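Novice: pasting the structure only:
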């Protein structure tokens, strides 16, 4: 009888400790799981795949970069060099290598796109038409879905902001069919955008970030804190306009005359800018640069020496880190925080789950990399 009583007490204690277990929280996220794999200064994390339980790295340990695949326990499963074909197409990789739904690995470079099998065999290659090479090389934001590569339209990249009338008819994105090379422009800047308000902005202020979801494209035009949702198919009808409020964001509302843009050398520092947009379930994940306080920007002007300027920029980066926000479908800001310890340049949505690796910039000699599974925590 006494032994039975002790056993029941143990069960109660164990069950209570299990139900009261709390996961580490950061900003609007809760860390609910993680993958830990070996890392070195020459291994650059690229992507992970939940279905095959693989982690993808670019290995730069020698003069010829290689692809390296690990399992979730940190065991190296395969490694293979990039082919001569890859080196021709990808003198410089524009975005990280990525796992695709068909169990392949894709890469985008200035001259095209290539898909590898997990064993290193080249499955398919798309060579960019000559008239589009300039376009892909200038874009820094891409999406690959349903055999289409979506990227910035060259007209929006090369736009001369002196002529405000050009904003009316210009398309901001281009969709390229990687099966036949056909391309078509997508999405015009809507007339309710700040870039259609007869004000002058700095070249590049309008360059978009976007995410593709089924039949919709959610897009933010550069510095404008507004999510525009367009129909993916022609004629790209504007379905929804969702203004967002970001806690530390410094809005720039444009200049009244073009001459002012020529004198605004500190504009990239003083104006906020949206860096990325993702969508998970019904929530948008936004990363952004908040912009420096104008007083601190003026301090930059007074910096005389190169050493002073370097020290100033180091201080500003620490004082004004990039932020992250969770936005609901109607534009309410549910969380707005500094994602300490997370590398928000590598946000991944996998099978409806959110994964972000830890930020190794503060410890380059670390021997293990943690990749966190996160849950949006709004309690």
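Specialist: Great, that's in hand. Keep in mind that this is a model prediction, so the values were computed, not measured.
Novice: can we go C-alpha only for contacts and neighbour counts from here?
Specialist: Noted.
Novice: what's around residue 378, how many residues?
Specialist: Residue 378 has 11 neighbouring residues, counting by other Cα atoms under 10 Å.
Novice: from here on, count from 170
Specialist: Sure, I'll start counting at 170 from here, so that last one is residue 547.
Novice: dump the residue contacts of it.
Specialist: With Cα atoms under 8 Å, 6 or more residues apart in numbering as the criterion, the residues that contact residue 547 are 197-198, 503-504.
Novice: Now do it, the pLDDT please.
Specialist: The predicted local confidence for residue 547 comes out at a pLDDT of 73.
Novice: mind listing which of the contacts of residue 547 are in helices?
Specialist: Counting by DSSP state H, none of the members of these fall within helices.
Novice: Can I get the buried part of those residues as one ChimeraX selection?
Specialist: Selecting just the buried residues from the contacts of residue 547 in ChimeraX takes one command, with 16 or more other Cα atoms under 10 Å as the test:
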select :197,198,504
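Novice: what's the most distant pair in the contacts of residue 547?
Specialist: Across the contacts of residue 547, the two members that end up farthest from each other (Cα to Cα) are 198 and 503, 11.0 Å apart.
Novice: thinking again about what came up before, which of the contacts of residue 547 lies closest to residue 535?
Specialist: Top of the list for closeness to residue 535, among those and by Cα to Cα, is residue 198 at 23.7 Å.
Novice: Just grab the bridge partners of that closest one for me.
Specialist: On the basis of DSSP bridges, residue 198 is bridged to residue 195, residue 545.
Novice: which residues does it contact?
Specialist: Applying Cα under 8 Å, 6+ apart, one finds that residue 198 lies in contact with 543-547.
Novice: what about burial for the residues you listed, which qualify?
Specialist: Buried subset of those (neighbour count, 16+ other Cα under 10 Å): 543-545.
Novice: which residue is nearest the centroid of the chain?
Specialist: residue 445 (4.7 Å; Cα atoms, centre = their mean).
Novice: Okay, domains of this structure per the record?
Specialist: As assigned by automatic domain parsing, the chain contains the domains 191-208+297-545, 226-296.
Novice: which one of those domains has the lowest average pLDDT?
Specialist: When mean pLDDT is averaged over each of those, domain 226-296 scores lowest at a mean of 83.
Novice: what's the spacing between it and its chain's center?
Specialist: Distance of domain 226-296 from the chain centroid (Cα atoms, centre = their mean, to the nearest Å) equals 19 Å.
Novice: go on, stretch 336-356?
Specialist: Taking the mean of its C-alpha atoms, stretch 336-356 sits 21 Å from the chain's own mean (Cα atoms, centre = their mean).
Novice: Reformat the domains of the chain into CSV and put distance to residue 220 next to each item.
Specialist: Below are those laid out as CSV (distance: least, Cα to Cα, whole Å):
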stretch, distance to residue 220
domain 191-208+297-545, 9
domain 226-296, 9
